[in-house]
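[1] build the 3D model from these lines:
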Amino acid sequence: MNILDKIVANKRIEVDLKKSLITQAQLEASVMMERTSISLAEVLRKSSSGIIAEHKRRSPSKSVINQSLSVQDVAKGYSEAGACGMSVLTDGKYFGGSLDDLVLARASTNMSILRKEFIIDEYQIVEAKAYGADVILLIAAILRRDEIKVLSELAKGLGLDVLLEVHNEEELEKSLMPSLDMLGVNNRNLKSFEVDLGISKSLSQKIPDEFVKVSESGISSVEAIKDLKEFGYQGFLVGENFMKNDDPGKNAAEFIKRLEQ
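    Numbers count the residues shown, from 1 in each chain. This is a model prediction of the structure:
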């Protein structure tokens, strides 16, 4: 099993356990279910930077990135920096995140928040809404086309934006459907963890203009983003580059300022 297979296998066990502790009906009773979500896709369309700043403590590829910062401080810092939105990792075993991080981020900022998670079940989408997310991530590498359709349509019904992540042309072709808002191209191969920005460039022409194009992973320079903008990308997910510093918000502010010059 590669790391992605291991994560998904663990996630199935985790979701089954959660269902036994908190029912979907209980999630649906959350006050957050009545909240009007902030569309990340709309923010990105109007933005000059397109930065989606990520809170990430660790990852399978880099081990510890930053374990010492509070998610509230990071969220406030990203908001003050002028980021378009914030991505919050909620996977515990492999990324050190939690739903508590999502709640704390939601309480600390009015930005659009993406729940960064390995979603395999409708329960997780209701959970995302109940805990304050505005956007959910679906990963084509772990879902069939019919699963993407069911999950994305449920998310849209709850007022959430949908970011669909692909790694190659095959995943892209099986995934295109009206219930998506954004197409994200992950430059990191989830099986080998190698990073290549050429993946975003090669797939750019194959993504219909009705979807906001987002480039994810391995983006560490203003020059890289300016280059990707030439290929039609409007969103850029940046996590490790900000989180490896003592003050991610300050680092993001300086980065965005250089990008907008």
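[2] any weak-confidence spans in the stretch 151-261 of the chain?
    190-191 (pLDDT under 70).
[3] mind doing that once more with 50?
    Low-confidence regions of the stretch 151-261 of the chain, defined here as pLDDT under 50, do not occur.
[4] could you pull out the helices for it?
    169-175, 198-204, 222-229, 240-243, 248-259 (DSSP state H, counting those that start in this stretch).
[5] out of these, deepest packed?
    helix 240-243 (a mean of 21; mean count of other Cβ atoms under 10 Å). C-betas here are computed from N, CA, C, even on glycine.
[6] for that helix, what is the distance to the chain centroid?
    Distance of helix 240-243 from the chain centroid (Cα atoms, centre = their mean, to the nearest Å) equals 14 Å.
[7] residues in contact with that helix?
    53-57, 59, 62, 65-66, 69, 74, 78, 219-220, 248-249, 251-252, 255 (Cβ atoms under 8 Å, 6 or more residues apart in numbering).
[8] could you flag which of the residues you listed are buried?
    Among these, the ones that count as buried by 16 or more other Cβ atoms under 10 Å are 53-57, 59, 65-66, 69, 74, 78, 219, 248-249, 251-252, 255.
[9] which ones among these map onto strands?
    Of the buried ones among the contacts of helix 240-243, the ones assigned to strands by DSSP state E are 53-55, 59.
[10] what's the lowest-pLDDT member of the residues you listed?
    Within these, the minimum per-residue pLDDT falls on residue 59 (83).
[11] would you confirm that that residue contacts residue 95?
    Yes. Between residue 59 and residue 95 there is a contact at 5.8 Å, judged by Cβ atoms under 8 Å.
[12] please enumerate the shared neighbours of those two.
    By Cβ under 8 Å, 6+ apart, no residue touches both residue 59 and residue 95.
[13] what's the mean pLDDT across the lengthiest helix in the chain?
    The residue-count maximum for a helix in the chain (DSSP state H) belongs to helix 3-21. For helix 3-21, the mean pLDDT works out to 96.
[14] so what's residue 107 up against?
    72, 132.
[15] phi, psi for it please.
    Per-residue torsions, residue 107: phi -70, psi -20 (degrees, to the nearest 10).
[16] which of the helices of the stretch 151-261 of the chain sits closest to residue 37?
    helix 169-175 (21.7 Å; Cβ to Cβ).
[17] who touches the closest one?
    Under Cβ under 8 Å, 6+ apart, the answer for helix 169-175 is 140-141, 144-145, 148, 164, 166, 183, 203, 206-207.
[18] next, work out how far apart the closest residue to residue 204 other than its chain neighbours and residue 137 are.
    Counting by Cβ to Cβ, 6 or more residues apart in numbering, residue 204 lies nearest to residue 231, which is 3.9 Å off, once chain neighbours are set aside. Look at residue 231 and residue 137: by Cβ to Cβ, to the nearest Å, they are 21 Å apart.
[19] ditto for residue 125
    From residue 125 to residue 137 the distance is 10 Å (Cβ to Cβ).
[20] now do the shared contacts for those two.
    What both residue 125 and residue 137 touch, as defined by Cβ under 8 Å, 6+ apart, is the set residue 119.
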